[in-house]
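Participant: Structure for this input, please:
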Amino acid sequence: MSVSSFSIAVADGVFRADPSALPTETVLPGLKLGLVMSGRFGLTVDGGRDLDIAGPAICLLVAEQAFETRHGMTAQDGVRYVTIALDPASRDDLLGSDAERLGAGSGAPGIHQARAGRTACALALQIATCPFSGGIGRAWRAAKGLELVATVAAGFLETDGRGARLTSRDLERLREAYHILKAAPADAPTLPVLARRVGMNVRKLTDGFRRQFGTSIADFVAEERLQLAYRLISTGEMGVAEAAYRVGYSPNHLSTAFRRRFGISPGRLR
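Facilitator: Prediction:
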């Protein structure tokens, strides 16, 4: 393959924001890869889809049109990150048909999330600690950035444990499962029921969910329940016992899980 020219933007740093604020960002057409090395934040994309990204983690966005995202910080200590951006022409020239498989040309943004593996983390660290300056430094970071894009894209497109690829229809089904669980975590269906509702078998659902969203279904539901309990108690809408039953816990179970997750007892929020 011959590539005459391409445009790539590589950035790294530590992002800090007021946890109560929701800073917005316009994601330009093309491909944007964000690797969170440490820290945690919420990301709302695609007209309301909420992602919970805790480092080390990857978020890959592929789009034909610019769209808005909102960032919600959950900690004061900041998020250490590396980002890579390619414009549409560079993305398509470099990735070819693989860009379509990642969501290019589909109208809606292609959104991919997963835990960052060792290779991806090592490449991000090399970018963040580039040993060169000037033009050589820019060339180094661009080369490592392209290697990171290729590594991450290959990970999302690779076969799962049974040798079957996650097709665009599979990704739609996984997103459907995500929204079912997100909408009513206290009434989350069992895995067999959820699998039947979205038209997948349990193995592909559980494996695909972890690959796509970077967490197991059980951990995702537990986190959503605790976040809901936090909101209900902190706003004064419900007391601890009422909130516990609302999210599917007993009061004692909620207190234990809440303290483990947030470092305080739920009663201290009131």
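
Participant: contacts for stretch 172-188?
Facilitator: Residues outside stretch 172-188 that contact it (C-beta atoms under 8 Å, 6 or more residues apart in numbering): 49-50, 166, 189, 194, 197-200, 205, 208-209, 212-213, 217, 220-221, 224-225, 228, 246-248. Every C-beta, even on glycine, is put in place using the N, C-alpha and C of the backbone.

Participant: Give me the distance between that stretch and the centre of its chain.
Facilitator: Offset of stretch 172-188 from its chain centre (C-alpha atoms, centre = their mean, to the nearest Å): 15 Å.

Participant: Output it as PDB, nothing but the C-alphas.
Facilitator: Taking Å, rounded to 0.1, in the frame of the first residue of the first chain, the C-alpha atoms of stretch 172-188 are listed here in PDB:
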ATOM      1  CA  GLU A 172     -26.000  -3.000  17.700                       C
ATOM      2  CA  ARG A 173     -27.200  -5.900  19.900                       C
ATOM      3  CA  LEU A 174     -24.600  -5.100  22.500                       C
ATOM      4  CA  ARG A 175     -25.600  -1.500  22.500                       C
ATOM      5  CA  GLU A 176     -29.200  -2.600  22.900                       C
ATOM      6  CA  ALA A 177     -28.200  -4.700  25.900                       C
ATOM      7  CA  TYR A 178     -26.200  -1.700  27.400                       C
ATOM      8  CA  HIS A 179     -29.300   0.500  27.200                       C
ATOM      9  CA  ILE A 180     -31.600  -2.100  28.700                       C
ATOM     10  CA  LEU A 181     -29.300  -2.400  31.700                       C
ATOM     11  CA  LYS A 182     -28.600   1.300  31.900                       C
ATOM     12  CA  ALA A 183     -32.400   2.100  31.900                       C
ATOM     13  CA  ALA A 184     -33.300  -0.100  34.800                       C
ATOM     14  CA  PRO A 185     -30.300  -1.500  36.700                       C
ATOM     15  CA  ALA A 186     -32.400  -2.500  39.700                       C
ATOM     16  CA  ASP A 187     -34.600  -4.700  37.400                       C
ATOM     17  CA  ALA A 188     -31.800  -6.100  35.300                       C
END
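
Participant: remind me which residues of the stretch 51-200 of the chain are low pLDDT?
Facilitator: 72-77, 104-108, 159-166 (pLDDT under 70).

Participant: Now do the strands in it.
Facilitator: 57-63, 67-73, 79-86, 110-115 (DSSP state E, counting those that start in this stretch).

Participant: Go through those and name the closest to Phe132.
Facilitator: Of all these, strand 79-86 sits nearest to Phe132, with 16.4 Å by C-beta to C-beta.

Participant: Only the buried members of the contacts of stretch 172-188: can you turn that into a ChimeraX selection?
Facilitator: The buried subset of the contacts of stretch 172-188, as determined by 16 or more other C-beta atoms under 10 Å, is captured in ChimeraX by this line:
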select :49,166,194,198,200,205,208,209,212,213,217,220,221,224,225,228,246,247,248
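
Participant: mind listing the helices for the stretch 1-150 of the chain?
Facilitator: 88-95, 97-101, 118-128, 134-157 (DSSP state H, counting those that start in this stretch).

Participant: Please name the bridge partners of Gly13.
Facilitator: Beta bridges link Gly13 to Tyr81 when assigned by DSSP bridges.

Participant: Would you confirm that it contacts Gly39?
Facilitator: No - with contact defined as C-beta atoms under 8 Å, Gly13 does not reach Gly39; the gap is 11.5 Å.

Participant: Alright, calling it a day.
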